[in-house]
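**Q** my questions concern the predicted model and sequence given below.
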Amino acid sequence: MPDDTESASPAPATRAEAAPAAAEEPPAAVAGRTEAAPAAPARAASAPTAEETSTTRAPAAGMPDLSVDLDDPAALAVSPTVLSVPAPLMARFERARRNSSSNTELVLDALRAHLAELPRLVADARRPAAADASEPFPWRTSTQRRTAAAKVRRVQLPIRPLAGELQVIDTLVGWVQQQLGAGPRSLGGRITRSEVVVAALDAHLPADRPRGRRPKA
């Protein structure tokens, strides 16, 4: 019987002879490939770009971009601002103010604590008061309810935020505006700084205690 192993041996020998041709490639070409390999790791170890070292932060899901440039000297300028708040809310504010360092600090605490809730809080404040079940147009404020709302006295609440902080407040106002779709032609008009701050303070400040009742010891 013929030996299959011997008859098949010439073909592998031919391939084996071809292999050294690649191994004898000029050293320069081999060295070129060896130096090119570290290119990817070198990029990973490169110095961070200005974008990577910026003070910006990615906004949470559904939240606006509140990133600021901490290296901007203009952001450190004090920007005195006056807000308009209902007198009953101001009374609550003044009581809570005793435990806070400033008006500004208390306002920023309220916004910080209810950041994600601001659109809902403003929408609830704008929602018409409960009307009679037979009222066919509950969205439009009646003359009586409009007159009652006008009787609520409003007072000024001065704050002294930094320009950067005021920029963040205005970003929140624009975000609430976008979420609610409130425009100049809507019944409530455009969203204002005071409206957003009032909604946050109303949710943040302790409620009034009923008169004539003392808290239990």
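**A** It's in.
**Q** hmm, Ala75 is touching Leu162, no?
**A** Yes. In this structure, Ala75 is within contact of Leu162 by C-beta atoms under 8 Å, at 6.2 Å. To be clear about C-beta, it is placed using only N, CA and C from the backbone, and glycine gets the same treatment.
**Q** Val155 belongs to a helix?
**A** No. In this structure, Val155 is strand, not part of a helix, as judged by DSSP: H, G, I helix; E, B strand; the rest coil.
**Q** what about it, how many residues close to it?
**A** By other C-beta atoms under 10 Å, the residues close to Val155 number 14.
**Q** next up, the contacts around it.
**A** Applying C-beta atoms under 8 Å, 6 or more residues apart in numbering to Val155 gives the contacts Ser84, Val85, Pro86, Ala87, Met90.
**Q** can you tell me which of the residues you listed are in strands?
**A** Judged by DSSP state E, strands contain the following of the contacts of Val155: Ser84, Val85, Pro86.
**Q** which of the residues you listed count as buried?
**A** Buried by 16 or more other C-beta atoms under 10 Å: Val85, Pro86, out of those.
**Q** of the ones in strands among the contacts of Val155, closest to Ala200?
**A** Val85 (10.9 Å; C-beta to C-beta).
**Q** dump the residue contacts of the closest one.
**A** Going by C-beta under 8 Å, 6+ apart, the list of residues near Val85 reads Phe93, Arg154, Val155, Gln156, Leu157, Ser194, Val197, Val198, Leu201.
**Q** now swap in Ile169 and tell me
**A** Leu111, Pro161, Arg193, Val196, Val197.
**Q** circling back to that earlier point, buried among the contacts of Val85? Make that a ChimeraX selection.
**A** Here is the ChimeraX command that selects the buried residues among the contacts of Val85 (16+ other C-beta under 10 Å):
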select :93,157,194,197,198,201
